[in-house]
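The amino acid sequence is not available; the structure is as follows:
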Ligand SMILES: Cc1ncc(COP(=O)(O)O)c(C=O)c1O
Ligand SMILES: C[C@@H](O)[C@H](N)C(=O)O
C-alpha cells in the first residue's frame, strides 16, 4: 500500500477545491443552448475582459477549443495552417483539424525556446500564384507556453535537454502577428497555459494575446478547474465558434455548474502559479544533481520539466518510472529515455522533497532521512 501519492503526470490531474465544489453546488444555471446560462455568461465576460478580446465562449476542452478556432479561420476547403513541429495541435489532438476539418497542417520546427523562426514561418506561406497545386495558407498557430519540447539526444551537441513550458514574449508574438497581417492570414494562440506565461514574464495576458485573432485558454490546467477551456476573439468569430461548438456536440445545457468552478479558479489560483514555477525550479535543480539524469534546469521557466535518463544510468527511464510509482510518485514517460514532470497547485514543497528523495534512492541507492 503506497503511503503517499505525488501526481506529477500533468497539471490536468488537480481535483476541485472545496470552494469550487461549493460554487458548483450553488451555481445559478439555465439552458446555455436555448438561452445563455448566467454563470457561463459571467465567466465568458470575465475571460473576454482578461484577454482583451471582444467575446468568449466556454468549451469542454482545450482540444475542442483549438479545433473550433482552426476550423472557423480555415472554413474554406483546401486551407492550410502553419504550426509548430512540437505543437499540441499537431502532436496530441488526433489530427482533428485534418480528420474532422479537412485542414492541411504545415509544420515549422519548434526551437528549444518554443518559438518558430519568423523567416521560416514566412517561407512556409504558400505562394498564391501556385494555387493550382498548393493548398491556401489561411492561419498561423502559436502555443504559449510551449508545452512539449524537443529532448536532445545524448550524442548531440549538448547532452542537455531543452525544457517544456517555455514562454513566448509579447514582442515575438507581435512579430508573428505582423507577418500574418502582411500576408492576409489569421493568428491563433493555443494559450492552454497563457496564465503561466503571464505570471512568469510579468506581462498581462491581454498583452501576450494582443496580436492574436483568437486564443484557446485552459481553465483545467494550472488554474485547477475540473473542466473546460474558453476561446476568445471578435464577436463575429465567437458567433461562428458557437455554431461550430454545437455541430461538434459541445453545446451544453446547465453548464454554469462547471463555469462556477472556473470562476473560483480564476479568482483563487492565478496567484498560486508563481509558487508552482518556484517548486518546478526547485525540483529541476535537485534532479540536476542526481547522477544518471540530464536536464537544462536553467531553461525551466514555468511548471513543466523534461529530463533525460542518460545511458549507463542505474535504471532505464521505464524502470525508473515503475520504481517511482511503487513509492507513489507518478510521472509521464515521454520517450525511451525522456520523462516529463509537471507541477500544479496541489503539489507541496514537501512533495518536491519526497520526490527528490525517491529519485535519489532509485538512481543512487542513497536513502534520504527527510524523504519521509
Ligand atoms: C498546450 C496544450 N494545448 C491544448 C491541450 C488540450 O487540452 P485538453 O486536454 O483540455 O483537451 C493541452 C493538454 O491538455 C495542452 O498541453
Ligand atoms: C496530452 C497532454 O499533453 C496534456 N495536454 C498534458 O499536458 O498533460
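Received the coordinates, thanks. These numbers were taken from a predicted model, which means no experiment stands behind them. Residues are numbered from 1 along each chain as shown. Ligands and ions are numbered 1, 2, ... in the order given.

part of a strand, is residue 11?
No - applying DSSP: H, G, I helix; E, B strand; the rest coil, one finds residue 11 to be coil, outside a strand.

And it, its phi and psi?
Main-chain dihedrals, residue 11, degrees, to the nearest 10: phi -90, psi 10.

Compute the number of surrounding residues for it.
Residues lying near residue 11 (other C-beta atoms under 10 Å) number 29. The C-beta positions use only the backbone N, C-alpha and C, and glycine is treated the same way.

and whichever residue of the chain sits closest to ligand 1, how many residues sit next to it?
Relative to ligand 1, the nearest point of the chain is residue 62 (2.6 Å; C-beta to the nearest ligand atom). Residue 62: 27 surrounding residues under other C-beta under 10 Å.

Surely it touches residue 220?
Yes - under the criterion of C-beta atoms under 8 Å, residue 62 makes contact with residue 220 at 7.5 Å.

can you list residues touching both of the two?
residue 229 (C-beta atoms under 8 Å, 6 or more residues apart in numbering).

Return the nearest residue of the stretch 1-150 of the chain with respect to ligand 2.
For the stretch 1-150 of the chain, C-beta to the nearest ligand atom, closest residue to ligand 2: residue 10, 3.1 Å.

Contact partners for that residue?
By C-beta under 8 Å, 6+ apart, the contact list for residue 10 reads 221, 332, 342, 344.

does the third one have beta-bridge partners, and which?
Put plainly, it is residue 342. Beta bridges link residue 342 to residue 304 when assigned by DSSP bridges.

what do you get for the second one?
Partner residues in beta bridges with residue 332, using DSSP bridges, are residue 340.

and it, how many residues sit next to it?
Residues contacting residue 332 under the criterion other C-beta under 10 Å number 14.

likewise the last one?
Neighbours of residue 344 under the rule other C-beta under 10 Å: 24.

ok, now which ones touch the residue lying closest to it once chain neighbours are set aside?
Among residues not flanking residue 344 along the chain, residue 11 sits closest, at 4.0 Å (C-beta to C-beta, 6 or more residues apart in numbering). Residues in contact with residue 11, defined by C-beta under 8 Å, 6+ apart, are 193, 221-222, 224, 276, 303, 342-344.

Can you give me the pLDDT of the most centrally placed residue in the chain?
With distances taken as C-alpha atoms, centre = their mean, the residue of the chain nearest its centroid is residue 192 (3.9 Å). We have a pLDDT of 98 for residue 192.

Wait, it touches residue 219, no?
No - between residue 192 and residue 219 there is no contact under C-beta under 8 Å: 9.8 Å.

So is the strand or helix carrying residue 274 next to ligand 2?
For residue 274, the element it lies in under DSSP states H and E is helix 273-287. No - Helix 273-287 stays clear of ligand 2 (C-beta under 6 Å from any ligand atom), getting no nearer than 13.8 Å.

what comes up buried for that helix?
273, 275-277, 279-284, 286-287 (16 or more other C-beta atoms under 10 Å).

Around ligand 1, pick out the residues from the stretch 201-350 of the chain.
Selection of the stretch 201-350 of the chain residues close to ligand 1 by C-beta under 6 Å from any ligand atom yields 218, 220, 229.

How about the stretch 251-372 of the chain: which residue is closest to ligand 2?
Closest point on the stretch 251-372 of the chain to ligand 2, by C-beta to the nearest ligand atom, is residue 342, at 6.6 Å.

Would you mind grabbing the residues shared as contacts by residue 192 and residue 219?
Joint contacts of residue 192 and residue 219 (C-beta under 8 Å, 6+ apart) are residue 229.

Just flag the most distant two among the contacts of residue 10.
Greatest spacing in these, by C-beta to C-beta: 221 and 332 (14.0 Å).

From what I see, residue 229 and residue 217 are in contact.
Yes - the criterion here is C-beta under 8 Å, and residue 229 meets it with residue 217 at 6.1 Å.

what sits in contact with each of the two?
Listed as contacting both residue 229 and residue 217 by C-beta under 8 Å, 6+ apart are 65, 192.

What are the contacting residues of the top strand by length along the chain?
Counting residues, the longest strand found in the chain (DSSP state E) is strand 136-143. Strand 136-143 is contacted by residues 66, 70, 73-74, 76, 78-84, 87-89, 106, 114, 116, 121, 124-126, 128, 168, 173, 176, 179-180, 183, 185-192, 212 when judged by C-beta under 8 Å, 6+ apart.
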